[in-house]
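Enquirer: For reference, the sequence and a predicted model appear below.
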Amino acid sequence: MKKKILIVEDDADLADMIGYNLRQEDFTTRVVNNGLKVLSMAKMFRPDLIILGLVLPGMDGFEICKRLKSNEKVSYIPILILTVKSSEVDIVLGLELGADDYVTKPFSLRVLLARIKNILRRGDDHYKPPSRINYYSLSIDSENRAVLLNQKCINLSKTEFNILALLASKPGRVFSRDSMLENCWPDGVFVIDRAVDVHINAVRKKLGRMASRIETVRGIGYRMKE
C-alpha cells in the first residue's frame, strides 16, 4: 500500500513541486494551504507523515503541531517541519512540540526525500523494546505504540515513545545521549545537540508526577529509576 503524505504549505508552486516529486517516488499526496483545515484533513486522510510549513494563513505551524500532537486520533502521525525559520530557538520549539524532523528552506529535494523515507522506514536495525513493558503505574504496549499511565492513555510522538520505551525497558541502566540518538531516531534524521534533552523534557511533562522517575546522569545521559 502506498504511503500517504499530507503537505501543509501555502506556497502553491512549492507544494506542487514537492507533491509531484513525492508521487514520482510512489507516495500518495494531499495539500492543505490553510492552517485551520489541517486537523480535519489529517483525521480524514490519515496520512503516514505530515510535511508542515510554519507560516500559514489561519493558524501558524507551531500551533498546528501542538494541536495535532494533543489529539489522540492523529497524535501518532510523524511531522516534518519545512520552513525558512532556521534559528535554534525555532528548531527547539518545533521539537518540543513533537515534530520528528526539521528542514529549512532553501533545501535539497534529495535531502528532503531522504528525511521523509527515514521517518517512514520500518523494520530498521534499531533497538526493539519488549512487546509489553510494565513499570509502576506505566503500561507500554510496543506493538500498538500505546502508553497508559494510571490506566489513562497519554499521547506521545514517535520519538518520545521510543525514548520512554527504551528507558522503561531497562530500569537502572544509564543510556548515553549518543546511545539514545542511535536507538530512538532513524538513521540520517537531522538532530541538534539538544534534541535528546528536548524530548526528555517533553516526556517528563507528559508523565506528570512520574517525571521524577527519569533521572539525569550528569555528563552521560539518562536512566529510569529502579
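Expert: Happy to help now that I have it. Predicted model, so just to flag it, every value in this text is computed and none were measured.
Enquirer: Give me the contact list for stretch 98-115.
Expert: With Cβ atoms under 8 Å, 6 or more residues apart in numbering as the test, stretch 98-115 has contacts from 17-18, 21-22, 25, 52, 65-66, 68-69, 75, 78-86, 91, 94-95, 119, 157-160, 188-190, 202. For every residue, glycine as well, the C-beta is placed using N, CA and C.
Enquirer: buried residues in it?
Expert: Residues G98, A99, D100, D101, Y102, V103, L112, L113, R115 are the ones in stretch 98-115 that count as buried (16 or more other Cβ atoms under 10 Å).
Enquirer: That one: how far from the chain's middle?
Expert: Once both centres are worked out by Cα atoms, centre = their mean, to the nearest Å, stretch 98-115 turns out to sit 13 Å from its chain's centre.
Enquirer: how's this structure carved up into domains?
Expert: The record assigns the chain these domain ranges, following automatic domain parsing: 4-120, 132-224.
Enquirer: could you dump these to a markdown table with mean pLDDT?
Expert: Conversion of these to a markdown table gives the following (pLDDT from 0 to 100):
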| stretch | mean pLDDT |
| --- | --- |
| domain 4-120 | 91 |
| domain 132-224 | 89 |
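Enquirer: phi, psi of the residue nearest the centre of the chain?
Expert: Residue closest to the average C-alpha location in the chain (Cα atoms, centre = their mean): D100, at 3.2 Å. Dihedral angles phi and psi of D100 (degrees, to the nearest 10) take the values phi -90, psi -20.
Enquirer: Which residue, other than its chain neighbours, is closest to it?
Expert: Residue nearest to D100 in three dimensions, not counting chain neighbours: P78, with 4.3 Å by Cβ to Cβ, 6 or more residues apart in numbering.
Enquirer: The nearest residue to K170 once chain neighbours are set aside - how many residues pack around it?
Expert: Nearest-residue entry for K170: M224, 7.6 Å, with adjacent residues in sequence omitted and distances by Cβ to Cβ, 6+ apart. Counted with other Cβ atoms under 10 Å, residues neighbouring M224 total 22.
Enquirer: Now do the contacts for D11.
Expert: Contact analysis of D11 by Cβ under 8 Å, 6+ apart lists G53.
Enquirer: Phi, psi for the nearest residue in space to L80 that is not next to it in sequence please.
Expert: The spatial neighbour of L80 that comes closest, neighbours along the chain excluded (Cβ to Cβ, 6+ apart), is D101 at 4.6 Å. Its backbone dihedrals place D101 at phi -160, psi 170, with angles given as degrees, to the nearest 10.
Enquirer: Good, we can wrap up now.
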